[in-house]
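A.B. asks: Please work out how this folds:
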Amino acid sequence: MSIASHLFTITTEPGIQIYNITPKLEELLITTGIQSGQVIVFSRHTTTALAINEYEPRLLEDLKVYLRKLAPETDRYLHNDLHLRVGIPADEPMNAHAHLMAMTMSTSEVIPVMAGKLALGTYQSVLLFELDGPRQRTVLCQISGE
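C.D. replies: Sure thing, here's the model as predicted:
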């Protein structure tokens, strides 16, 4: 069995943004030559999330509205009492809402590989959710199989 690990970065825009990373995962899969196995994709941040769903503009807007209702940025959060926290950087944002959103989602996804392709359904895409942009984000992709 072969295992290939890849890191890639995404420069995100302000606020909640949703990025289709499926083409990047497909590109990395091709470079491995693996025909049967799995792709593990993992976000290395506490204010991002991953999901498999449809990448359709109106649904993406619905998702953003849903997330904002789930953890409104304007609500009161203890994590945002920056003056009471020890050892934080000077540019620390008030982003408790983004942490809470991320915790209701997932930081990783596993996608089967069949015949050298991601075994996603017709309308499925792998989505990276930026919940506290703009930032430079790093995603780990580990591909294993034969």
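A.B. asks: Give me the neighbour count for residue 37.
C.D. replies: By other CB atoms under 10 Å, 19 other residues sit near residue 37. Placement of C-beta: from N, CA and C, glycine included.
A.B. asks: Which pLDDT value does the model give it?
C.D. replies: Note on residue 37: pLDDT of 98.
A.B. asks: from memory it sits against residue 144, does it?
C.D. replies: Yes: assessed by CB atoms under 8 Å, residue 37 is found in contact with residue 144 at 5.0 Å.
A.B. asks: Distance of residue 12 relative to residue 51?
C.D. replies: 16 Å (CB to CB, to the nearest Å).
A.B. asks: Among these two, which residue is more densely surrounded?
C.D. replies: Set residue 12 next to residue 51 and count neighbours by other CB under 10 Å: residue 12 wins out with 22 against 15.
A.B. asks: what residues does the longest helix belonging to the chain touch?
C.D. replies: The helix that spans the most residues within the chain, counting by DSSP state H, is helix 57-70. Residues outside helix 57-70 that contact it (CB atoms under 8 Å, 6 or more residues apart in numbering) are 16, 18, 53, 100, 101, 104, 129, 131.
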